[in-house]
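Student: Would you be able to build a 3D model of this:
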Amino acid sequence: MKTIRLHAVSDALHDRLKLLATAAGLSVSDYLLNELHRIAEEPTAEEMRARSRILSEMEPSEAPTKDIRA
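Tutor: The predicted model follows:
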């Protein structure tokens, strides 16, 4: 496993992270690790653009107006 160190974390930011970690029942380190996993799983802007291009090229399987109710 690798280690990541952060420097120049303000007192206010550290206090906020500590509060959030405590509320989640985690240490600050574990809380941040969970957040890093969440961030890393989010698609990048380029991945979102690629998905959008693919979706815009697809034909709808049914007429969109079929689901509209008066």
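Student: Name the residues of stretch 29-49 that are buried.
Tutor: Tyr31, Leu32 (16 or more other CB atoms under 10 Å). All C-beta spots, glycine's among them, are computed from the backbone N, C-alpha and C.
Student: Residues contacting that stretch, please?
Tutor: Ile4, Leu17, Leu20, Ala21, Ala24, Leu26, Arg51 (CB atoms under 8 Å, 6 or more residues apart in numbering).
Student: which among those residues end up buried?
Tutor: Leu17, Ala21.
Student: which of the contacts of stretch 29-49 lies closest to Glu59?
Tutor: Ranked by distance to Glu59 (CB to CB), the contacts of stretch 29-49 are led by Arg51 at 16.4 Å.
Student: any idea which helix or strand carries that closest one?
Tutor: Assigned by DSSP states H and E, Arg51 belongs to helix 45-57.
Student: mind exporting that helix as CSV, just the C-alpha atoms?
Tutor: Written as CSV, here are the backbone C-alpha positions of helix 45-57 (Å, rounded to 0.1, in the frame of the first residue of the first chain):
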residue,chain,number,x,y,z
ALA,A,45,-15.2,15.0,-17.7
GLU,A,46,-13.8,13.2,-20.8
GLU,A,47,-15.6,9.9,-19.8
MET,A,48,-18.8,11.8,-19.4
ARG,A,49,-18.4,13.5,-22.8
ALA,A,50,-17.8,10.0,-24.3
ARG,A,51,-20.9,8.6,-22.7
SER,A,52,-23.0,11.6,-23.9
ARG,A,53,-21.7,11.1,-27.5
ILE,A,54,-22.7,7.4,-27.3
LEU,A,55,-26.1,8.1,-25.9
SER,A,56,-26.8,10.9,-28.4
GLU,A,57,-26.1,8.5,-31.2
